[in-house]
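A.B. asks: Output the structure for:
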Amino acid sequence: MDENTNKILDEAMAQIKLGNIQALGSIYDKLGNLIHSIALSITHNLYDSQDILQETLYEIVKSANQYKENTNAKAWILKIVKNKSYDLMRKNKFKSYQDVGNIDEKLSNYMDYSMFETFDMLNSLSFEDRFIVVYKIYADLSFQDIADTLNMSYAAVNKRYNKALAKLRTYEQRGESWKKI
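C.D. replies: Numbers count the residues shown, from 1 in each chain. This next block holds a predicted model:
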């Protein structure tokens with residue numbers, strides 16, 4: 001994550017702590033799509049992922065006082081996304097989620113075919129490995145930030161990331177972008 005984005009997120013968190021809820025707009029502008037994508041990759045449900053996005057924004061406001069200034073706001077927020085996603089999965093554990101290959105027409109308005117291939121590849125990984133890859137590649141977090149977010153050691157995250165990439169490289173429907181990882 002670039003320093004400018006980190007500064008913007010940190011300043012927004014400071015403003016939210018002071019009661020300026022409008023600063024949430026800066027967080028949404030910088031991370032809204034990423035939050036939605038992570039939630040969607042977990043739930044495989046457009047509506048649930050939108051709910052998680054809203055719940056995450058609410059939780060940011062509610063828990064802003066727990067955020068330590070000048071730390072990694074992005075990692076802190078993505079941990080909220082992960083927890084909200086897990087909570088929803090537990091809550092709806094008997095609900096059957098749609099298979100990525102059968103996502104309804106509304107979802108196709110938001111995504112292109114390459115995103116479907118990406119979902120297929122990521123779904124070949126375990127839940128934790130998927131988080132590690134998404135956090136590293138899409139969220140651009142460091143291994144240490146990922147380790148802190150997932151309560152794992154740096155070495156474990158690094159090892160699982162490399163094994164996950166090896167598995168993705170052998171995935172039979174891989175795209176050109178995965179060869180460059």
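A.B. asks: Remind me which helix or strand residue 120 belongs to.
C.D. replies: Here residue 120 sits within helix 113-123, counting by DSSP states H and E.
A.B. asks: Can you list the buried residues in the following helix or strand past that helix?
C.D. replies: Where DSSP H and E defines the elements, the next helix or strand beyond helix 113-123 is helix 127-133. Neighbour-count burial for helix 127-133 flags 129-133 (criterion: 16 or more other Cβ atoms under 10 Å). The C-beta positions use only the backbone N, C-alpha and C, and glycine is treated the same way.
A.B. asks: pLDDT on helix 127-133, on average?
C.D. replies: Mean per-residue pLDDT for helix 127-133: 85.
A.B. asks: ok, the residue most central in space within the chain - contacts?
C.D. replies: The residue lying closest to the centre of the chain (Cα atoms, centre = their mean) is residue 38, at 3.3 Å. Residues near residue 38 by Cβ atoms under 8 Å, 6 or more residues apart in numbering: 78, 81-82, 85, 134, 138-139.
A.B. asks: From the residues you listed, list the buried ones, please.
C.D. replies: Neighbour-count burial (16+ other Cβ under 10 Å) is assigned, among those, to 78, 81-82, 85, 134, 138-139.
A.B. asks: Got the confidence number for residue 152?
C.D. replies: Confidence score, pLDDT, at residue 152: 88.
A.B. asks: Helix, strand, or coil at it?
C.D. replies: Secondary structure, DSSP: H, G, I helix; E, B strand; the rest coil: residue 152 is coil.
A.B. asks: residues near it, how many?
C.D. replies: Neighbours of residue 152 under the rule other Cβ atoms under 10 Å: 17.
A.B. asks: quick one: low-confidence ranges for this protein?
C.D. replies: The model of the chain has pLDDT under 70 over residues 1-2, 93-118, 171-181.
A.B. asks: could you redo the last one with a cut-off of 90?
C.D. replies: Along the chain, the parts satisfying pLDDT under 90 run over 1-6, 34, 37-47, 49, 69-72, 75, 82-83, 85-152, 164-181.
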